[in-house]
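Undergrad: output the structure for:
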Amino acid sequence: MFNTTLKPLLLSATLLATALITSLSSQAQSTTNNLHDSWNALLNKHVVAINHNHSTEVDYAAIQGDHTQLKTYLASLSAVTQNEFDAWEKPKQLAFLINAYNAFTVELIVSNLGSKEPQNLKSIKDLGSFFSSPWSKAFVPLLGKTRSLDDIEHGLIRGSGKYNDPRIHFAVNCASIGCPALRGEAFTATELESQLQQQTVRFLSDTTRNFAQENTLNISSIFKWYGDDFEKGFRGADTLQQFLLQYSDALKLVPAQQKALRNNDMKVKFLDYNWDLNARQ
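TA: Take a look at the predicted model:
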């Protein structure tokens, strides 16, 4: 027969074990949530909104003073294993990859300022060579491999087929004036949807890079280079025109222009891209 005097002891042990598990789970969750906090702090401190908040400038020279903090953050990204990453929900994965791309891009710029005055580094393209672009350099230790920025964007994000969200093109930043703004905060799983939407509207409503003029829609070359990404059914959009129509207000399209774009009667012109460094002067 079960000894009833043991019941209180067993109950106490069970409650203690449950409390311990809950505490450890809470701590692990807190650690995960805080992964991007230091990156968020760097962005808050060194990214400045300009052009009526459509664009941002980055104080790369000042980030040099916080280089240890940046390197610590990058090391925390590199410490995430493939198994850990695979266990995450998709929004958490995508936020991680966008932050990694942006942070390692900043690292590429900052780590090359040692031999150059900030004002003498005119473009990220200056860090490449005739045979290799800066985006193809393998210098990023991430998810168990040494990768390039291209590997992150075109392999892990676009090439994986897991995310199918063309709005990532307005979130990843190539350290150039022509790029969509480097957001002044880290991307997070809980806020990712609103952050991607805000970044898209922010870029498309910038009349220096996207604007309609009578029967011509002038848009960034991003839509030429990555046109296929906007034709993969995101929110029912099977063509670039259908994607852009979802943002008619941001593009300030009048009803007649919307109709022309919908009927494929509107000329689309891709604008020149400005590769100058998005540095704070």
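Undergrad: tell me where the stretch 1-150 of the chain has strands.
TA: Remark: strands assigned in the stretch 1-150 of the chain by DSSP state E, counting those that start in this stretch are 47-50, 55-58, 140-142, 145-147.
Undergrad: these: which one's closest to residue 128?
TA: Closest to residue 128 of the strands of the stretch 1-150 of the chain is strand 140-142 (C-beta to C-beta; 15.4 Å). (C-beta placed from N, C-alpha, C; glycine too.)
Undergrad: picking up where we left off before, out of the strands of the stretch 1-150 of the chain, flag the one nearest residue 240.
TA: Closest approach to residue 240 among those is made by strand 55-58 (22.8 Å; C-beta to C-beta).
Undergrad: any chance of the strands of the stretch 1-150 of the chain in JSON lines, with mean neighbour count too?
TA: Listed next are the strands of the stretch 1-150 of the chain as JSON lines, based on neighbours: other C-beta atoms under 10 Å:
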{"stretch": "strand 47-50", "mean neighbour count": "15"}
{"stretch": "strand 55-58", "mean neighbour count": "22"}
{"stretch": "strand 140-142", "mean neighbour count": "20"}
{"stretch": "strand 145-147", "mean neighbour count": "13"}
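Undergrad: and of these, who's closest to residue 275?
TA: Smallest distance to residue 275 across those (C-beta to C-beta): 14.4 Å, for strand 55-58.
Undergrad: enumerate every residue touching the residue nearest to residue 173 when sequence neighbours are not counted.
TA: Once flanking residues are discounted, residue 173 sits nearest to residue 182: 4.0 Å by C-beta to C-beta, 6 or more residues apart in numbering. Contacts for residue 182 (C-beta atoms under 8 Å, 6 or more residues apart in numbering) come out as 43, 47, 56, 58, 102, 106, 173, 175, 278.
Undergrad: residue 192 now?
TA: Counted by C-beta under 8 Å, 6+ apart, residue 192 has contacts 91, 94-95.
Undergrad: quick check: of those residues, which lies closest to residue 147?
TA: Once C-beta to C-beta is applied, the member of those that ends up nearest residue 147 is residue 94, at 16.3 Å.
Undergrad: isn't that closest one up against residue 165?
TA: Yes: with contact defined as C-beta atoms under 8 Å, residue 94 and residue 165 form a contacting pair (7.3 Å).
Undergrad: can I get the contacts of residue 182 in CSV with pLDDT?
TA: What follows is these, written out as CSV (pLDDT from 0 to 100):
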residue, pLDDT
43, 98
47, 97
56, 96
58, 97
102, 98
106, 98
173, 96
175, 96
278, 95
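Undergrad: can I get the residues you listed in CSV including distance to residue 262?
TA: As requested, the contacts of residue 182 are arranged in CSV below (distance: C-beta to C-beta, whole Å):
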residue, distance to residue 262
43, 38
47, 37
56, 33
58, 38
102, 34
106, 40
173, 31
175, 36
278, 34
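Undergrad: of all the residues you listed, which comes closest to residue 202?
TA: residue 56 (9.7 Å).
Undergrad: now the closest one: how far from residue 74?
TA: Computed with C-beta to C-beta, to the nearest Å, the distance linking residue 56 and residue 74 is 20 Å.
Undergrad: burial measure for the residue nearest to residue 190 when sequence neighbours are not counted, as a count.
TA: Spatial nearest neighbour of residue 190, excluding adjacent residues (C-beta to C-beta, 6+ apart): residue 91 at 7.7 Å. Using other C-beta atoms under 10 Å, residue 91 has 18 neighbouring residues.
Undergrad: now do residue 67
TA: Based on other C-beta under 10 Å, the number of other residues close to residue 67 is 14.
Undergrad: pretty sure it contacts residue 110?
TA: Yes: in this structure residue 67 lies within contact range of residue 110 using C-beta under 8 Å: 6.1 Å.
Undergrad: what about stretch 176-196, distance to the chain center?
TA: 5 Å (C-alpha atoms, centre = their mean, to the nearest Å).
Undergrad: give me the mean pLDDT for that stretch.
TA: The average pLDDT for stretch 176-196 rounds to 97.
Undergrad: same question for stretch 256-263.
TA: 97.
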